[in-house]
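Chemist: give the three-dimensional model of this entry:
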Amino acid sequence: MAKGWRIIGVFICSMAFAAALVAQQAEPNREFNPLYNPLQLIQRLSYDNFKSIKLLHTAIINYGGGESEFDKLVNDYAEATSYYFRGSLVESANLFTKNEKDIQAVGIKLAQKFKEDTEALHREIIKHHVKTNVTLSLKGGKADPTAELLVSNGAFGVNKANDFLARSRPVDAIYYFRRAKESCFKYWEYTKQPLPDQYKKDEVDAQNKIYTSKEKEK
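Modeler: Residues are numbered from 1 along each chain as shown. From the prediction side, this is the model:
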């Protein structure tokens, strides 16, 4: 009888080991910080990723890879969500983490584009403003305080945006680059200068709207 119990004990231990091995093999590798709780990570990224994708939509369409790039981010988000509803928390957390990295990469790329365009635009109005002030000074006039303020507001927006970009917060950087551009456009309008055609898209995008060229409208 004792021998029988030993056999049963060995069998039970073997089954327990096999079950643990199967469970270990069934769960995929965690492609996120192992200290994080998968469910808590999913809850955070499902909110953060959705918000970032939504806020980047116009910028992606106007300056990025268009609908295809946007759709990829959305599809990956949806796939991560589907794993969550199927109870595959680790796989869901893995995909949400990848989705977050992809969103960040797209955001950084766009923010760099905004940086180049905004700084170029701001330099242009500074040059115009300096020339105007020199002309006014020669005639005994003074600088226009409203124009001065608009140039200053543009500089504030650029500096604020660059700070966010340096801290890898591209969504916030794009927001302030747009505000800087907006100040520049108000300067052109206030000084009754025609807006160069090259900035037509920027003017529309600054309002968080999708630009449609005249060629596409035809």
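Chemist: distance of the spatially most central residue of the chain relative to Asp48?
Modeler: Geometric centre of the chain, nearest residue: Gly107, 3.5 Å, by C-alpha atoms, centre = their mean. Gly107 sits 12 Å away from Asp48, going by C-beta to C-beta, to the nearest Å. Yep, even glycine has a C-beta here, placed from its N, CA and C like the rest.
Chemist: ok, back up a step: checking the residue nearest to the centre of the chain next. Helix, strand or coil?
Modeler: Classification of Gly107 using DSSP: H, G, I helix; E, B strand; the rest coil returns helix.
Chemist: model confidence at it, what's the number?
Modeler: Looking at Gly107, its pLDDT stands at 98.
Chemist: what distance do you get for it to Leu73?
Modeler: 10 Å.
Chemist: what touches both of the two?
Modeler: Residues touching both Gly107 and Leu73 comprise Leu56, with contact defined as C-beta atoms under 8 Å, 6 or more residues apart in numbering.
Chemist: how far does stretch 148-157 sit from the chain's center?
Modeler: Computed by C-alpha atoms, centre = their mean, to the nearest Å, the separation of stretch 148-157 from the middle of its chain amounts to 24 Å.
Chemist: ok, and for that stretch, which residues are buried?
Modeler: For stretch 148-157, burial by neighbour count (16 or more other C-beta atoms under 10 Å) applies to 150-151, 153-154, 157.
Chemist: C-alpha coordinates for that stretch, PDB please?
Modeler: Presented in PDB, the C-alpha positions along stretch 148-157 are these (Å, rounded to 0.1, in the frame of the first residue of the first chain):
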ATOM      1  CA  GLU A 148       5.900  93.700 -30.900                       C
ATOM      2  CA  LEU A 149       3.500  91.500 -28.800                       C
ATOM      3  CA  LEU A 150       2.700  89.200 -31.700                       C
ATOM      4  CA  VAL A 151       6.400  88.600 -32.400                       C
ATOM      5  CA  SER A 152       7.000  88.000 -28.700                       C
ATOM      6  CA  ASN A 153       4.100  85.600 -28.500                       C
ATOM      7  CA  GLY A 154       5.500  83.700 -31.400                       C
ATOM      8  CA  ALA A 155       8.800  83.400 -29.600                       C
ATOM      9  CA  PHE A 156       7.100  82.200 -26.500                       C
ATOM     10  CA  GLY A 157       5.300  79.500 -28.400                       C
END
